[in-house]
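Trainee: sequence first, predicted coordinates after that:
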Amino acid sequence: MAGKPIGIESRRAKKAGRFYEIVPGDPWPSVTTIDGVLAKQALYQWYAKTERQAAILAAADMFEEFSKPLVIQTKITREVYESLLEARIGRQKAGQKELELAGNIGTEAHGMIEWHLRQMLNLPVGPAPKISEPALWAFMAFEDWSRIAELVPVRSEMVVFSHKHRYAGTMDLLAWIMRDGKRELVLIDFKTGKAVWPESFLQLAAYREAMIEMGLETADRCMVLRLPKIVTDPEFEVVEVTDIDWHFKAFLAARELWQWQFDTNQKERK
């Protein structure tokens, strides 16, 4: 039996992550919050590289400034130099700034795609969202893919949940597409960036299982649609998730690990 329709208003942002109140007073963690317990080695390496580059650039700029003839030739102690360098770099880390910028681009692109899909589903829409050029580039890539796939949307930005496993999330798109000359029902997650990471597979597996439990459509396939954010990466990329049951088992393991981490942190705060 299909569950009672639950909207985005059930979503709550808390210090421990994002939660959904599917049952009033009993918040369940979001799929992406659960995925947050996974180590993201590629992200850590990128973050460290970004911080290193920012520090080197700031130090080089200060060296040039202090080397100019007009600068008062007063000896600067190591402590003063470190303080000036920290002020130049800024308290907010360079990696965090870039992550926030990337997140904004992804949010804008998602918003534009949702607006477009609501039109295709004959749902009420307001004015078209105002988005940045990188987000527009991602949306244009989505349009290219949708034409090739002969997209027919079924559900968009729908909250799905599992009473059995106590989690919830918002899936991006369930749609019919043409594949090898025939129509297939596909569950799709949009990602903006340079690569598709494995946690996306767990995310789709969790959404698909939740939809089955709710009595909704069962997708024939699950896919990640990666959309570019820069002109030098103009192509979209479709990555199919194979062995979906295996990925769902991994998601449940992550769910247990997240619960252990959450419960442990709650006890430590008492």
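Mentor: Yep, it's here. Residues are numbered from 1 along each chain as shown.
Trainee: in the chain, where's the longest strand?
Mentor: For the chain, the strand with the greatest residue count under DSSP state E is strand 167-179.
Trainee: what is the helix or strand following it packed up against?
Mentor: With elements assigned by DSSP states H and E, the helix or strand that comes after strand 167-179 is strand 182-192. Counting contacts by 3 or more CB pairs under 8 Å, 6 or more residues apart in numbering; DSSP states H and E, strand 182-192 is packed against helix 94-120, helix 133-149, strand 167-179, helix 199-213, strand 221-227. No exception for glycine: its C-beta is placed from N, CA and C like everyone else's.
Trainee: buried sites along strand 182-192?
Mentor: By neighbour count with 16 or more other CB atoms under 10 Å, strand 182-192 contains the buried residues Val186, Leu187, Ile188, Asp189, Phe190, Lys191, Thr192.
Trainee: ok, what's across the strand from the closest residue to Ala149 other than its chain neighbours?
Mentor: Spatial nearest neighbour of Ala149, excluding adjacent residues (CB to CB, 6 or more residues apart in numbering): Ile177 at 4.0 Å. Note on Ile177: beta-bridge partners by DSSP bridges are Glu184.
Trainee: renumber starting at 35 from here on
Mentor: Yep, numbering from 35; the last one is Ile211 now.
Trainee: tell me the contacts of Ile211?
Mentor: When contacts are counted by CB atoms under 8 Å, 6 or more residues apart in numbering, Ile211 touches Ala183, Glu184, Leu185, Val186, Arg217, Glu218, Val220.
Trainee: got CSV for those residues, with pLDDT and distance to Thr298 too?
Mentor: Compiled in CSV, the contacts of Ile211 are given as follows (pLDDT from 0 to 100; distance: CB to CB, whole Å):
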residue, pLDDT, distance to Thr298
Ala183, 96, 44
Glu184, 97, 49
Leu185, 97, 44
Val186, 97, 46
Arg217, 95, 47
Glu218, 97, 43
Val220, 98, 38
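Trainee: now, which of those sits nearest Leu72?
Mentor: For those, the closest approach to Leu72 (CB to CB) belongs to Val220, at 24.3 Å.
Trainee: about what we covered before: TSV for the helices and strands packed on strand 216-226, including distance to Ala88?
Mentor: Listed next are the helices and strands packed on strand 216-226 as TSV, based on distance: least, CB to CB, whole Å:
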stretch	distance to Ala88
helix 128-154	4
helix 167-183	20
strand 201-213	33
helix 233-247	26
strand 255-261	26
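Trainee: out of those, which is closest to Phe285?
Mentor: helix 233-247 (4.2 Å).
Trainee: quick check: buried residues in the closest one?
Mentor: By neighbour count on 16+ other CB under 10 Å, the buried set for helix 233-247 is 233-245, 247.
Trainee: which of the helices and strands packed on strand 216-226 sits closest to Trp280?
Mentor: For Trp280, the closest of those is helix 233-247, at 8.3 Å, according to CB to CB.
Trainee: hmm, back to that, tell me the spacing between the residue nearest to Ala183 and Glu218.
Mentor: Distance, Ile211 to Glu218, by CB to CB, to the nearest Å: 6 Å.
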